[in-house]
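Chemist: missing the sequence, but the structure's below:
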């Protein structure tokens, strides 16, 4: 199993529950594990009944398991501040106020949220993952996740074009120097080129890591809307050259006992039959296998119930050689 494991799916299918259960399973298998939430709902704190922030913290009562929650709004503000500081060092004082105005306007523009959140979870892979054998990501709903995962290719190409334009501009200024006059810009040491090059390397790292060192699982519920969304998500992953390793069916209805009669038992049997049709559809139409079928619980998934869900989650932990005990 790869070091990085992502759980995605339609909103409300139980991604957080499955992510935390898998992280719990990995920790109990002896893997030093970190579970990371990029979902603004902050449900990881609810599962473990413990508040987490944007730095890894130990989960009470679970040896070898840490958790962190990335706040999207805080990440957006940090992201914009870094851009503001970087640009302010490279432009005239007269431009600073205009830069600030444009950045404030960009706060609500399409893609700004995804860009900031993408930087955050790639930073986790680059900066926070070294002590861990397994890093589990509880992601935002599928649409947002696919936009995030598509950023390396899209922005990588965009940065290549910016690098080309910047080099062209500097080359023209160098050729325009006359006599002893120094060109206004030099290729070596140009701060804009250096920043663009760092971003290019950042996106190359992200793309390579997600293709080679990450496993993706989709969580679904046994209803037609969830199944349809899952099919579209699989296509989206395929278009981005990312393979979905497996599917997790969550919130299945328990079957009543054979001797149970009455309206309630009839309802449950009909519901179970419909859900089995949806699961058969999943098996027949989708390439990724169903790796787990998890029944709904009457109690919230915490404590002992979390361990039950972890046991039902037949996703390999892939205990690596030399894993930390």
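Modeler: That came through, no problem. Because the structure is predicted, anything quoted here is derived from the model rather than measured.

Chemist: looking at it, residue 84 is touching residue 100, isn't it?
Modeler: Yes. At 6.5 Å, residue 84 counts as touching residue 100 under the criterion of C-beta atoms under 8 Å. Heads up, the C-betas are built off the backbone N, CA and C, glycines and all.

Chemist: and residue 317, that one's in a helix?
Modeler: No. Looking at residue 317 with DSSP: H, G, I helix; E, B strand; the rest coil, it is coil, so not inside a helix.

Chemist: I'd like the distance between the spatially closest residue to it that is not a sequence neighbour and residue 171.
Modeler: In space, residue 317 comes closest to residue 29 once its chain neighbours are excluded; the distance is 4.2 Å by C-beta to C-beta, 6 or more residues apart in numbering. Applying C-beta to C-beta, to the nearest Å, the value for residue 29 to residue 171 is 56 Å.

Chemist: Tell me which of the two has more neighbours.
Modeler: residue 29 (17 against 13; other C-beta atoms under 10 Å).

Chemist: Please state the backbone phi and psi of the more buried one?
Modeler: phi -80, psi 0 (degrees, to the nearest 10).

Chemist: And it, how close does it get to residue 205?
Modeler: 28 Å.

Chemist: What score does the residue lying closest to residue 1 once chain neighbours are set aside have for pLDDT?
Modeler: Excluding the flanking residues, the one nearest residue 1 by C-beta to C-beta, 6+ apart is residue 318, at 2.7 Å. Residue 318 carries a pLDDT value of 70.

Chemist: Now for residue 318, how many residues are close by?
Modeler: 16.

Chemist: Report the separation between it and residue 119.
Modeler: 28 Å.

Chemist: repeat for residue 127
Modeler: 11 Å.

Chemist: in the stretch 101-250 of the chain, which spans are strands?
Modeler: Applying DSSP state E, counting those that start in this stretch to the stretch 101-250 of the chain gives strands spanning 134-138, 214-220, 244-252.

Chemist: what's the angle from the longest one to strand 214-220?
Modeler: Counting by axes from the mean of the first three to the mean of the last three C-alpha atoms, to 10 degrees, strand 244-252 points 30 degrees away from the direction of strand 214-220.

Chemist: quick one, helices of the stretch 1-150 of the chain?
Modeler: Residue ranges of the helices in the stretch 1-150 of the chain, as given by DSSP state H, counting those that start in this stretch, are 15-28, 43-48, 72-88, 93-106, 112-123, 142-149.

Chemist: Assumed residue 258 was part of a strand.
Modeler: No. Residue 258 is assigned coil when assessed by three-state DSSP, not a strand.

Chemist: how close does the residue nearest to residue 317 get to residue 118?
Modeler: Taking C-beta to C-beta, one finds residue 29 at 30 Å from residue 118.

Chemist: What of residue 10?
Modeler: 20 Å.

Chemist: one step back: ok, the residue nearest to residue 1 touching residue 4?
Modeler: No. Under the criterion of C-beta under 8 Å, residue 318 makes no contact with residue 4, lying 11.9 Å away.

Chemist: Tell me which of the helices of the stretch 1-150 of the chain sits nearest to residue 264.
Modeler: helix 15-28 (25.1 Å; C-beta to C-beta).

Chemist: just how off-centre is that closest one within its chain?
Modeler: 15 Å (C-alpha atoms, centre = their mean, to the nearest Å).

Chemist: Could you do stretch 229-246 as well?
Modeler: Taking mean C-alpha positions (C-alpha atoms, centre = their mean), stretch 229-246 and its chain are 14 Å apart.
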